[in-house]
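>>> Fold the following, please.
(one chain, ligands or ions: 1)
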Amino acid sequence: MTRWENYLSSAEKIIASYNGSLPLHHFLKSFFKEHPYMGGRDRRWISQLVYQYFRLGYWGKSLPVKEKIITGVFVGETSENDFLKAIRPELNDKANLSLEEKLQLLPLPLDASMLFPWISELSEGIDAKAFAEALLKQPRLFIRVRNDKLQKILALLEKNEVKYEVLNTHTISLPNSTKIETIIPDKGWYEVQDASSQATGELFRPHKNEQWWDACAASGGKSLLLKDEQPDVRLVVSDIRKSILDNLQQRFKTAGIKQYESIVADLTSDKLPALLGKRKFDGIILDAPCSGSGTWGRTPESISFFNRDEIYKFQSLQQQIVKNVIPYLKEGGALIYITCSVFKQENDQMVEYIENISKLRKQEGGVIPGYDRNADTMFAVRMQ
Ligand SMILES: C[S@@+](CC[C@H](N)C(=O)[O-])C[C@H]1O[C@@H](n2cnc3c(N)ncnc32)[C@H](O)[C@@H]1O
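Numbers count the residues shown, from 1 in each chain. Down below sits the predicted model:
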């Protein structure tokens, strides 16, 4: 067997044994631990083959796994590569064709609903074809520039010959494989944060001395965005998981942010008043637990294992959380409702729900498409 046939056979084995219960990158990690003779290059290629297989979603279920892997590499890679050269040279010769042209050459037709079978559930404003086809490609890595370090960061990227793109004064798009932490040693200069996630911050607009609550803070991506916009907000962060708030603490320390209060809280619990007392906030960021369907370009295995009923489980959790959180908003205060979902049940229908149960009205926002720049697709609205 050649090296390339070995890669293909390992990828087939991994796909046959993977059942979706662990994230694929964890599963691959333990697979490679059990096969320590595989070097870095082997691991990269095998992982890529497995990911390209899952990027095709429901397409080609009747084909042998091997054929689906080869097709995944053919449609997903934009240039000639050693794998196709060795395994299917006639496809390698066509690797530079456009996606449209490549789709004409496939053994079976491929449309958006095969790549993403829940097209009818998409939020208003999402271009279904563009969204689904973007799933074929690995998303980019994005950083948010902090402390006016744009020029210094660009100089380092150029020195390291990284092909970057500056999207705006604080967002840089980078190849996914960029080892950013070795290129920019000072972690205070930037945050790794998806371009669409960065864009949610445009809705915050905090003022000096205001009191804000990041209610599902996790490791603090949105809180850091808020504090960088207005360092003088008084901030409360909470999450149901203590461990993730420990990560937040570490991240805040690195970013030089000291003033904030951290609370472990289950937002579905009736114990919330005991934790928050009579406080009222000028702004609440509710980055709700959700399906994560807007980020499946990074975890394409999710498409093969997702069950549609889960959308409604998330919607019901979001309704419960929203109902408990809104009473803590001051009269005239702003609720920033965010998800990284593309489903209308978690987005548009939640806005309707909030308007039905409260005096809050949507002021601005909606879907933040990521498919035009190889980023996640998110949803963010400002309600007041
Ligand atoms: C989308 S993530 C938040 C991401 C974060 N805002 C950021 O920018 O990095 C949602 C968070 O909600 C938390 N969560 C889930 N269920 C919860 C609940 N019942 N009460 C409070 N937090 C919850 C999860 O632990 C998770 O960290």
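>>> contacting residues around the closest residue to the ligand within the chain?
In the chain, the residue that lies nearest the ligand is Gly221 (2.8 Å; CB to the nearest ligand atom). C-betas here are computed from N, CA, C, even on glycine. Listed by CB atoms under 8 Å, 6 or more residues apart in numbering, the contact set of Gly221 reads Glu191, Gln193, Ser197, Asp287.
>>> swap in Thr71?
By CB under 8 Å, 6+ apart, the contact set of Thr71 is Leu56, Gly60, Leu63, Leu106, Pro107.
>>> Assess the claim that the third one and Leu110 are in contact.
No: contact criterion CB atoms under 8 Å: Leu63 and Leu110 do not qualify, at 11.5 Å.
>>> out of these two, which sits in the busier spot?
Leu110 (23 against 16; other CB atoms under 10 Å).
>>> distance of the nearest residue to that one once chain neighbours are set aside from Lys159?
Excluding its sequence neighbours, the residue lying closest to Leu110 (CB to CB, 6 or more residues apart in numbering) is Trp59, at 5.0 Å. According to CB to CB, to the nearest Å, Trp59 stands 42 Å off from Lys159.
>>> And these two? Which one has more around it.
Remark: of Trp59 and Lys159, Trp59 carries more neighbours, 21 against 9, as counted by other CB under 10 Å.
>>> isn't the more buried one right up against Ala112?
No: using CB under 8 Å, Trp59 is not in contact with Ala112, being 10.4 Å away.
>>> which parts of the helix or strand where Asn324 lies are buried?
Asn324 is part of helix 309-325, with elements assigned from DSSP states H and E. Within helix 309-325, the residues scored as buried using 16 or more other CB atoms under 10 Å are Ile311, Phe314, Gln315, Leu317, Gln318, Gln319, Ile321, Val322, Asn324, Val325.
>>> Do you have the strands of the stretch 251-384 of the chain handy? List them.
261-264, 281-287, 329-339, 362-368, 378-383 (DSSP state E, counting those that start in this stretch).
>>> does any part of the first one sit near the ligand?
No: Strand 261-264 does not reach the ligand (CB under 6 Å from any ligand atom); its nearest approach is 8.8 Å.
>>> Walk me through which strands that strand pairs with, and which way each runs.
If you go by DSSP bridges, strand 261-264 pairs up with strand 234-239 (parallel).
>>> Other residues contacting the strand it pairs with?
For strand 234-239, contacts defined as CB under 8 Å, 6+ apart pick out 209-218, 220, 223, 226-227, 245, 248, 259-265, 267, 275-276, 279, 281.
>>> Please check those and keep the buried ones.
Applying 16+ other CB under 10 Å to the contacts of strand 234-239 flags 210-218, 220, 223, 226-227, 245, 248, 260, 262, 265, 267, 276, 281 as buried.
>>> In strands only, show me the residues you listed.
Judged by DSSP state E, the subset of the buried ones among the contacts of strand 234-239 located in strands is Gln211, Trp212, Trp213, Asp214, Ser262, Phe281.
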